[in-house]
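[1] Have a look at this fold, sequence not included:
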């Protein structure tokens with residue numbers, strides 16, 4: 001992404017998804033393996049997953065959709081810096097956050113934005129609320 005002083009959103013956002021390393025199953029009676037947390041992200045809210053990443057009909061769907069009541073708090077997946085907080089055609093009110101290792105998350109269709117461009121955010125900080133802004137068929141987070 002290109003950082004700008006004008007606060008304009010990048011034209012295209014590409015997310016990078018890393019698979020966690022696979023580990024062999026532990027033997028009965030052995031201590032449980034510790035979970036690796038480096039590189040993992042948190043869900044931004046508790047909701048119903050109804051739109052998956054990939055093709056949606058003839059259109060590409062570059063994200064997932066979580067249905068939740070309007071006004072539900074949206075939290076950051078990890079600490080980072082807000083690259084953009086504002087409006088973008090189709091997505092409505094959006095927040096784009098850059099995290100460690102150049103991982104970028106985008107939160108779209110929000111009702112209210114609680115952060116501004118350039119702001120540092122901590123893990124699980126409320127950055128917006130679920131809404132129906134932009135092109136949408138109901139309250140959800142994209």
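    Arrived safely. Nothing here was measured: the structure is a model prediction, and the numbers come from that model.

[2] Walk me through which strands the helix or strand containing residue 105 pairs with, and which way each runs.
    Element membership for residue 105 (DSSP states H and E) is strand 104-113. Strand 104-113 sits in its sheet next to strand 92-98 (antiparallel), strand 126-130 (antiparallel), going by DSSP bridges.

[3] Give me the contacts around the shortest one.
    To tie it back to what came earlier, the one meant is strand 126-130. Residues from elsewhere that reach strand 126-130, judged by C-beta atoms under 8 Å, 6 or more residues apart in numbering: 45, 47, 68-76, 82, 85, 93, 95, 97, 107, 109-115, 121, 139-141. Where C-beta positions appear, they are placed from N, C-alpha and C, glycine not excepted.

[4] Can you pull out the low-pLDDT segments for the chain?
    When residues are selected by pLDDT under 70, those of the chain lie in 1-39, 51-61.

[5] mind running it again at 90?
    1-43, 45-66, 100-102, 136-137, 141-142 (pLDDT under 90).

[6] Pull out the buried residues from the helix or strand containing residue 83.
    Using DSSP H and E, residue 83 sits within strand 80-88. Buried positions in strand 80-88, judged by neighbour count with 16 or more other C-beta atoms under 10 Å: 80, 82-85, 88.

[7] for stretch 70-82, same thing?
    72-78, 80, 82.

[8] what about residue 47, neighbour count?
    18 (other C-beta atoms under 10 Å).

[9] residue contacts, it?
    For residue 47, the set of contacting residues under the criterion of C-beta under 8 Å, 6+ apart consists of 66-68, 72, 130, 140-141.

[10] cool, and residue 74?
    For residue 74, the residues meeting the contact criterion (C-beta under 8 Å, 6+ apart) are 44-45, 95, 107, 110, 126-130, 141.

[11] mind running it again at 10 Å?
    Each residue near residue 74 by C-beta atoms under 10 Å, 6 or more residues apart in numbering is listed here: 44-45, 47, 66, 68, 95, 107-114, 125-131, 141.
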